[in-house]
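In: pasting the sequence and the predicted model now:
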Amino acid sequence: MKIGGAPHYPCLIGLPVLRRPLFPGHVHPYQVKHPDVLDAIIKAKEEGNPYLGVFLRKDSAKTFGSHAGHEAGAELVGGDESYPELITDPDEIYHVGALAQVHHITSLETGAQLLLSSRQRIKFSKVVSLGPPLQVEVESSLVGDPYDASSDVIKAYCQEILATIRDLVKLNPLLRENITFFTQTINMQDPFLVADFAATITTADGHDLQAVLEEMNVEERLRMALELISKERELSRLQKEIQKQVEEKMTLQQRNYFLMEQMKSIKKELGLEKDDKEALLNKFRERMEACEDLGKDARKAMEEELEKLSSLEKNSQEFNTTRNYLDWLTCLPWGKTSQENFDLKRAKQILDEDHYGLDDIKQRILEFIAVGKLRGTVHGKILCFAGPPGVGKTSIGQSIARALNREFFRFSVGGLTDIAEIKGHRRTYVGAMPGKLIQALKTSGTTNPLILIDEVDKLGRGYQGDPASALLEVLDPSQNSAFVDHYLDVPVDLSKALFICTANVMDTIPGPLRDRMETIWLSGYDLPEKVAISEQYLIPKALEEGGLAEGEGVPESLKITSEAVESLIRWYCREAGVRNLEKHIAKVVRKLALEVVKTRELAAAADATSDSGDAAAAATEAAEPLAQPVIGKTAEEDAKLLERQDWAVTPDNLSDYVGKPVFTSDRLYEEALPPGVVMGLAWTALGGTSLYIETSAVLPRAAQRSSNAPKDAASTDTAGGSGGGGGGGGGGSGALRVTGQLGGVMVESSQIAHHFARRELARLAPANDFLERAEVHMHVPEGATPKDGPSAGVTMATALLSLALARPVRADVAMTGEVSLTGKVLPVGGIKEKTIAARRAGVHCLVFPKGNRRDYDELPDYLKDGLDVHFAATYVDVYKVAFAPQAAEQEAAAEAHAP
């Protein structure tokens, strides 16, 4: 039986296809891999039944997308990745497909390729067998719904599709041959065939093509086909534009390349230009000849490397390595120096402009200039500025460079563990380069720069070497005239450079390195100096950065008073430097700026309101508080801002800008001291501070009942805390226990003080054996803060004697000094900081070791003004000051009872 020119078979072999359905009237190759399916197709063809049912798989894109398009354009088909032509469920394929005739079978290594031509649409009603091969029962052929051939809509669709196809051919000439073939084999007057043809030549998704295949309404099929072919046209247009852009770019690059090559050839023929390598060699030779004081070793190395470079291929790695080496070697300022300033007046003016105080450093720089002026030449020096953070160690380096008219180069060695950062890398390593010192010479362009080595006390040490040892050669005046960098491997003169190192402490710097440097200690700033620095430097800078410098819109009364600065220093920023003070001043200025801007906006809002109404109403409204807040949290706050006239920051309103004070008082005991408590003085990295020593004792019960010692001495308990650290004996009589997180030196100092106090008590009061029987607990408050050092020795001994004698020490006395076993009072450090701390605490009677008289005499007069300072050579001198009233009364009573 014939259906549209093709036989009708109720039962057909079903062949699933991937990616795209097969449309009637089209020919397409397909590959079959499974042997059973292939044998069944061959057998049916031999028996005169060369027809198959071709159906699109629903899961082809998801499951078999990686196989599509293999084998010279053939499609993979089937149900699994090994044999895609198999299915396990009828729902895996669409029920509408095409009846195809097998025209040719070509054997392949993995199956065969079938050349199929589609005859008509078909639809299977059920699956007879899943096979292999798949057997389906075809219900009937599918014929499109009847239509009116004269319909204008159908004609319009067909004409638009054909016009779109013509546009597509213009954009993609590769389609011309296929379109010509199909137009000759199908009836282009049939709208169904036109729609099928349009869908076939697109690269649309298989499911969209299947929808066209299943559609029986001619208008709907034409509409769907037109959408697909229009998308294809836009896609081709976009591809054409991209291709054009790429071709234009490549053409331009090729054109430029050819022109450049031609220009090089022409210039070379005319002798106007040589090749790149020759030009590079000439550049290095010119640099070498321009070097004023090129050493013998450096010149020899340059000549050897130039000869080597001339024989190397310019595209080789060795060429680039040699070029980089020569570039570094010829860029160094051999023999070039900057003209130094020998004008003392100008140098002093520059130093004073940038920094307040720092007299020791300024004096040393002026001495350096004076020596250079007398000799007519200068030699490099190695200075080390040591002091707490924020005192200006780093910034003074730039000022010194400006005063000396030298180039400035700074690098930090804090945490540095790699020696190559100082002495460079060997040239054998990839990416090798010289160390920081050679970089300093290249960057500055002179052989006499000022090189600032920051944080030298924080040098690290690792498996890559010891940077501190590498600095020994650099900072030795007798060796740095021939410094050899690992990368350059030729001597370089660093003797003309001025090296300045900075450190917070000197203890962590290795001894040999410390010996090579001239150390200048910066002890920090006192209150008057900080106030002057704030008024001359910090406040003007903060106002400028905050937009509150004098000008239009800035209130005339806006200022930060000296009293406010003093309060800020005293209660918020206790430090040796001014770094934290600068942050607080900037905070004050930011809040002032906010208030100024708020006031401007409130005034603008009030002006806008007054412009909208009559003057009388505006005046009334301005006189009354704002009903609703505009900027502030409340309307009252807005009204206060509008009415504000005084913009000065004073101690009274300082807390509004920086919050509550961080510090409240320097004195733990505001009134008289109890027995066993003494105020000492201590040095910290942030300056000086008061340090109380508290003692308490517990006597055995039997000893308490029979003791002749005063009860106050035995029962006074002022300890008030426990910290780290401990020392002394156990729980027996005469034992000493110390707390307060004390270091090893301070624990030993407490033991010495305890031993000396027992001996001194025996001399002062032979009948008093309190320290022999009592278990004494000594505590240093603020137990969370580590403490160490020997300078609290006299304070500890005084506290123990005060406890044993039950006599309080004068409340207006503070002391410091190391005590020896024999009662000698030894000198200590930090006299300036301790004096500042005593003044801040309101103490005017100080006890210092006699060996520190020179340090005290060097202090400014305003620090010494109003102080009663006693210098003690032995502890007897300390005792006379600390217990002065009680000692005088005791001596008077002794004289009265004398026979």
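Out: Good, I have the coordinates. Numbering: from 1, shown residues only.
In: quick one, strands of the stretch 451-600 of the chain?
Out: Secondary structure of the stretch 451-600 of the chain, counting by DSSP state E, counting those that start in this stretch: strands at 483-484, 491-492, 498-503, 518-521, 559-560.
In: repeat that for the stretch 301-450 of the chain.
Out: Per DSSP E, counting those that start in this stretch, the stretch 301-450 of the chain carries strands over the ranges 382-386, 408-412, 450-454.
In: so for Val776, which of the ones you listed sits nearest?
Out: For the strands of the stretch 301-450 of the chain, the distance to Val776 is smallest for strand 382-386, at 38.0 Å, taking CB to CB. All C-beta spots, glycine's among them, are computed from the backbone N, C-alpha and C.
In: okay, and the helix or strand of this structure with the least pLDDT?
Out: helix 711-715 (a mean of 37; mean pLDDT, DSSP states H and E).
In: immediately after that one, which helix or strand?
Out: Counting by DSSP states H and E, the next helix or strand C-terminal to helix 711-715 is strand 736-739.
In: out of the strands of the stretch 451-600 of the chain, indicate the one that is most buried.
Out: Most buried of the strands of the stretch 451-600 of the chain, by mean neighbour count (mean count of other CB atoms under 10 Å): strand 498-503, with a mean of 25.
In: kindly export that one (C-alpha atoms) in CSV.
Out: The C-alpha trace of strand 498-503 is given here as CSV (Å, rounded to 0.1, in the frame of the first residue of the first chain):
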residue,chain,number,x,y,z
LEU,A,498,75.0,59.2,56.0
PHE,A,499,73.3,56.2,57.7
ILE,A,500,70.7,56.9,60.3
CYS,A,501,69.1,53.9,62.2
THR,A,502,66.1,54.1,64.4
ALA,A,503,65.2,51.8,67.3
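In: which residues touch the closest residue to Tyr356 other than its chain neighbours?
Out: Distances taken as CB to CB, 6 or more residues apart in numbering place Ile533 nearest to Tyr356, at 4.7 Å, with adjacent residues excluded. When contacts are counted by CB atoms under 8 Å, 6 or more residues apart in numbering, Ile533 touches Tyr356, Gly357, Tyr525, Val578.
In: my guess is the first one meets Gln536, correct?
Out: Yes - using CB atoms under 8 Å, Tyr356 is in contact with Gln536, at 6.2 Å.
In: with neighbour numbers in mind, choose between these two.
Out: Tyr356 (17 against 12; other CB atoms under 10 Å).
In: that one and Leu681: what is the separation?
Out: 26 Å (CB to CB, to the nearest Å).
In: and Tyr51, by the same measure?
Out: Per CB to CB, Tyr51 is found 112 Å from Leu681.
In: cool, Ile400 as well?
Out: Distance, Ile400 to Leu681, using CB to CB: 33 Å.
In: what do you get for Gly842?
Out: Here the criterion is CB to CB. By it, Gly842 lies 13 Å from Leu681.
In: who has more neighbours, those two?
Out: Leu681 (29 against 13).
In: the more buried one in helix, strand or coil?
Out: Leu681 falls in the strand class when you classify it by DSSP: H, G, I helix; E, B strand; the rest coil.
In: most packed of the strands of the stretch 301-450 of the chain?
Out: Stretch with highest mean neighbour count among these: strand 450-454 (a mean of 24; mean count of other CB under 10 Å).
In: partners of that one, with directions?
Out: strand 408-412 (parallel), strand 498-503 (parallel) (DSSP bridges).
In: any idea how far the shortest one is from the middle of the chain?
Out: A distance of 20 Å separates the C-alpha centroid of strand 408-412 from that of its chain, computed with CA atoms, centre = their mean, to the nearest Å.
In: output that strand as PDB - backbone C-alpha positions only.
Out: Below are the C-alpha coordinates for strand 408-412, written out as PDB (Å, rounded to 0.1, in the frame of the first residue of the first chain):
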ATOM      1  CA  PHE A 408      66.700  60.700  51.200                       C
ATOM      2  CA  PHE A 409      66.000  57.000  51.000                       C
ATOM      3  CA  ARG A 410      64.200  55.000  53.700                       C
ATOM      4  CA  PHE A 411      63.700  51.300  54.200                       C
ATOM      5  CA  SER A 412      62.500  49.300  57.200                       C
END
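In: widest-spaced pair of the contacts of Ile533?
Out: Gly357 and Val578 (10.4 Å).
In: about what we covered before: out of the strands paired with strand 450-454, which is closest to Ile569?
Out: Going by CB to CB, the one of the strands paired with strand 450-454 nearest Ile569 is strand 498-503, 23.7 Å.
In: quick one: that closest one to chain centroid distance?
Out: Remark: strand 498-503 is offset 26 Å from the chain centroid, using CA atoms, centre = their mean.
In: how big is the angle separating that strand from strand 382-386?
Out: Angle of strand 498-503 versus strand 382-386, following axes from the mean of the first three to the mean of the last three CA atoms, to 10 degrees, is 20 degrees.
In: quick one: average pLDDT of strand 498-503?
Out: Mean per-residue pLDDT for strand 498-503: 92.
In: out of the contacts of Ile533, who's nearest Phe411?
Out: Closest to Phe411, out of all of the contacts of Ile533 and judged by CB to CB, is Val578, at 24.2 Å.
In: these two touch, right, that closest one and Ser534?
Out: Yes - under the criterion of CB under 8 Å, Val578 makes contact with Ser534 at 7.4 Å.
In: pull the longest strand from this protein.
Out: strand 111-129 (DSSP state E).
In: burial measure for Gln159, as a count.
Out: 11.
In: and stretch 132-152, what's buried?
Out: Pro132, Pro133, Leu134, Gln135, Val136, Val138, Ser141, Leu142, Gly144 (16 or more other CB atoms under 10 Å).
In: swap in stretch 29-44?
Out: Buried, per 16+ other CB under 10 Å, within stretch 29-44: Pro29, Tyr30, Gln31, Val32, Lys33, His34, Val37, Leu38, Ala40, Ile41, Ile42, Ala44.
In: and what of stretch 388-399?
Out: Across stretch 388-399, burial judged by 16+ other CB under 10 Å covers Pro388, Gly390, Val391, Gly392, Lys393, Thr394, Ile396, Gly397, Ser399.
In: how close does the first one sit to Thr822?
Out: Pro388 is 34 Å from Thr822, where distance means CB to CB.
In: poorly predicted segments of the stretch 251-400 of the chain, please.
Out: Along the stretch 251-400 of the chain, segments meeting pLDDT under 70 span 267-268, 270-275.
In: one more time with 80, if that's ok
Out: 260-261, 263-279, 292-293, 314-315, 376-380 (pLDDT under 80).
In: now the stretch 401-550 of the chain
Out: 460-465, 523-524, 550.
In: got any residues that touch both of Gly357 and Val578?
Out: Common contact partners of Gly357 and Val578 (CB under 8 Å, 6+ apart): Tyr525, Ile533.
In: convert the helix or strand hosting Leu209 to CSV, retaining C-alpha atoms only.
Out: Assigned by DSSP H and E, Leu209 falls within helix 206-214. Output of helix 206-214 as CSV, limited to C-alpha atoms (Å, rounded to 0.1, in the frame of the first residue of the first chain):
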residue,chain,number,x,y,z
GLY,A,206,16.3,20.0,18.7
HIS,A,207,13.2,20.4,20.8
ASP,A,208,12.3,23.6,19.0
LEU,A,209,12.7,21.7,15.7
GLN,A,210,10.6,18.9,17.0
ALA,A,211,7.8,21.3,17.7
VAL,A,212,7.9,22.4,14.0
LEU,A,213,7.8,18.7,13.0
GLU,A,214,4.8,18.0,15.1
